[in-house]
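1. Got a sequence here, can you build the structure:
(one chain, ligands or ions: 2)
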Amino acid sequence: MDCRPGCGACCIVPSISSLNKPANVPCQHLTADYRCVIFGLPLRPACCGGLQPSFEMCGDTREAALIWLTQLEVATAPAALAISHSLD
Ligand code: SF4
Ligand code: SF4
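-> Ligands and ions are numbered 1, 2, ... in the order given. Have a look, this model is predicted:
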């Protein structure tokens with residue numbers, strides 16, 4: 001599938017260490033209309049290029065993508081992983 005214009009969910013919800021971007025904060029390179037200003041430039045992190053749109057992540061709507069990505073972020077946050085490993 002193609003990236004949905006006007007979404008930007010995957011540039012907001014996840015933390016991105018190579019950009020020093022915390023979770024749930026819009027990327028510094030994201031415009032007000034949810035476009036990446038460094039798309040195609042070497043400055044864009046490899047992890048951004050590697051993240052391809054998928055129905056699982058993007059869903060039918062921006063809201064669905066925000067919810068799915070938030071659930072993933074919570075599940076993979078360091079504290080959550082520490083708790084889950086302590087229960088193993
Ligand atoms: S969540 Fe999907 S549709 Fe939304 S910006 Fe990211 S790739 Fe595009
Ligand atoms: S660099 Fe571009 S693609 Fe990557 S999170 Fe920021 S706005 Fe999104």
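
2. looking just at contacts, which helices and strands does the helix or strand hosting Glu56 meet?
-> Taking DSSP states H and E as the criterion, Glu56 maps to helix 55-58. Counting contacts by 3 or more C-beta pairs under 8 Å, 6 or more residues apart in numbering; DSSP states H and E, helix 55-58 is packed against helix 62-76. Heads up, the C-betas are built off the backbone N, CA and C, glycines and all.

3. just checking, what packs against the helix it packs on?
-> Under the contact criterion of 3+ C-beta pairs under 8 Å, 6+ apart, helix 62-76 touches helix 55-58.

4. what about the residue lying closest to Cys7 once chain neighbours are set aside, neighbour count?
-> Distance criterion C-beta to C-beta, 6 or more residues apart in numbering; nearest residue to Cys7, sequence neighbours excluded, is Arg62 at 4.7 Å. Arg62 is flanked by 16 other residues according to other C-beta atoms under 10 Å.

5. got the contact list for Arg62?
-> Contacts of Arg62 were listed using C-beta atoms under 8 Å, 6 or more residues apart in numbering, and they are Arg4, Gly6, Cys7, Gly8, Ala9.

6. ok, which pair from the residues you listed is furthest apart?
-> Longest distance between any two of the contacts of Arg62 is 10.3 Å, between Gly6 and Ala9; criterion C-beta to C-beta.

7. got the contacts of Arg62 as CSV, with pLDDT columns?
-> Below are those laid out as CSV (pLDDT from 0 to 100):
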residue, pLDDT
Arg4, 97
Gly6, 97
Cys7, 98
Gly8, 98
Ala9, 98
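
8. low-confidence ranges in the protein?
-> Applying pLDDT under 70 to the chain flags the ranges 79-88.

9. who in the chain is up against ligand 2?
-> Neighbours of ligand 2 within the chain, by C-beta under 6 Å from any ligand atom: Cys11, Ile16, Cys27, His29, Leu30, Cys36, Ile38, Arg44, Cys48.
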